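Engineer: Please work out how this folds:
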Amino acid sequence: MKTKKLVTSAMVTAIYIVLMYFVQPFGFGAIQFRVSEGLNHLAVFHKDYKWGVVLGVFLSNLMFSASLGIYDIVFGTLHTLISFLVAEQLFRFAKDTKQRLAIISIIFSVMIFIIALELFWVIQLPFWMTYLTTFLSELFIMGITAPLFYYLDKRLDFHKMMED
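Structural biologist: The predicted structure follows:
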């Protein structure tokens, strides 16, 4: 069972990195259209998916974020991990898949202030404007990918893919 979870997490990491490769020019800075962020929705179906996504964020920022380097690695990974942990706590109050998709979309978008702080501290972008643009970028991506994952789950059963 552990091997299956490890392989599934590795596949999620690889998919995150491949998706980031194609959107690199739009995946960093004050406006971030990271299609790969849609993979955050996998945690709605099983909490262990978060590890593949967190590693995907870490490695993507390591490989593709030349301008912000270590800052993107630390802040981006922290944003992802903290957002997952907060969402997991809120999932206890919502068993419905659609509610959980909404929760994770909102949490990741609200918590993007971590990235706005990074951009404020490291390259002196204005915090509130950067928070607004990164918030809207994240909300847009999470919003358009939520229905996709809802319907993909009906076909693929993401929970079962992570279980034995």
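Engineer: Which parts of the protein are helices?
Structural biologist: 2-23, 42-45, 49-64, 69-91, 97-110, 113-123, 127-156, 158-162 (DSSP state H).
Engineer: Please work out which residues outside the shortest one touch it.
Structural biologist: Which is helix 42-45. Outside helix 42-45, the residues that touch it by Cβ atoms under 8 Å, 6 or more residues apart in numbering are 12, 49-50, 52-53, 84, 87-88, 91, 97, 100-101, 104, 149, 153, 158-159, 162. Placement of C-beta: from N, CA and C, glycine included.
Engineer: ChimeraX command to pick out the buried ones of those?
Structural biologist: Of the contacts of helix 42-45, the buried ones go into a single ChimeraX selection, burial set by 16 or more other Cβ atoms under 10 Å:
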select :12,49,50,52,53,84,87,88,91,97,100,101,104,149,153,158,162
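Engineer: returning to that earlier point: can you add distance to residue 29 and mean pLDDT and give the helices of the chain back as JSON lines?
Structural biologist: Output for the helices of the chain, formatted as JSON lines (distance: least, Cβ to Cβ, whole Å; pLDDT from 0 to 100):
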{"stretch": "helix 2-23", "distance to residue 29": "12", "mean pLDDT": "95"}
{"stretch": "helix 42-45", "distance to residue 29": "25", "mean pLDDT": "98"}
{"stretch": "helix 49-64", "distance to residue 29": "12", "mean pLDDT": "97"}
{"stretch": "helix 69-91", "distance to residue 29": "10", "mean pLDDT": "97"}
{"stretch": "helix 97-110", "distance to residue 29": "17", "mean pLDDT": "98"}
{"stretch": "helix 113-123", "distance to residue 29": "7", "mean pLDDT": "96"}
{"stretch": "helix 127-156", "distance to residue 29": "9", "mean pLDDT": "97"}
{"stretch": "helix 158-162", "distance to residue 29": "31", "mean pLDDT": "92"}
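Engineer: which stretch among these comes nearest residue 30?
Structural biologist: helix 127-156 (4.8 Å; Cβ to Cβ).
Engineer: which strands and helices sit next to the closest one?
Structural biologist: helix 42-45, helix 97-110, helix 113-123, helix 158-162 (3 or more Cβ pairs under 8 Å, 6 or more residues apart in numbering; DSSP states H and E).
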